[in-house]
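Please work out how this folds:
(one chain, ligands or ions: 1)
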Amino acid sequence: MTCPKCGDVMAMTRGAHRYLESGLSDVTLLDVEICECACGERAIVVPHRAELHALIGRTIATDTKFLPIRAVLANHWRLA
Ligand SMILES: [Zn+2]
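Numbers count the residues shown, from 1 in each chain. Predicted structure coming up:
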């Protein structure tokens, strides 16, 4: 992968990534491609991103352990 910041080739490893981009603080992706550049740029390859976001959404909507999160989302977005 080419670095979008400096154009250099990025090194790729695999590992865990705390997926803060999901908007949630407790979602960790395991065994994902992590691309890093000497300039400090970092990129995560998330395959099937739309399906992953749908799965996260379904889990929040249906799992009772996420009731507090649903309450916060409902209050923030005025959902019921
Ligand atoms: Zn770079």
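
how about the nearest residue to the residue most central in space within the chain, chain neighbours excluded?
Closest residue to the average C-alpha location of the chain: Tyr19 at 3.2 Å, with Cα atoms, centre = their mean. Nearest-residue entry for Tyr19: Val27, 4.3 Å, with adjacent residues in sequence omitted and distances by Cβ to Cβ, 6 or more residues apart in numbering. The C-beta positions use only the backbone N, C-alpha and C, and glycine is treated the same way.

And for that neighbour, the neighbour number?
Val27 is flanked by 16 other residues according to other Cβ atoms under 10 Å.

what's the distance between it and the ion?
For Val27, the distance to the ion (Cβ to the ion, to the nearest Å) stands at 26 Å.

Just give me how far the lengthiest helix in the chain sits from the chain centre.
If you go by DSSP state H, the chain has its longest helix at helix 49-62. Helix 49-62 sits 11 Å away from the centroid of its parent chain (Cα atoms, centre = their mean, to the nearest Å).

Could you give the average pLDDT over that helix?
Helix 49-62 carries an average pLDDT of 85.

what packs against that helix?
helix 67-77 (3 or more Cβ pairs under 8 Å, 6 or more residues apart in numbering; DSSP states H and E).

For stretch 49-57, buried residues please.
Of all the residues in stretch 49-57, those buried under the rule 16 or more other Cβ atoms under 10 Å are Ile56.

And the contacts of that stretch?
The contact list for stretch 49-57 (Cβ atoms under 8 Å, 6 or more residues apart in numbering) reads Ser22, Leu24, Val27, Leu29, Val46.

Compare these and tell me which has the most neighbours.
Counting neighbours by other Cβ under 10 Å, Leu29 leads the contacts of stretch 49-57 with 18 neighbours.
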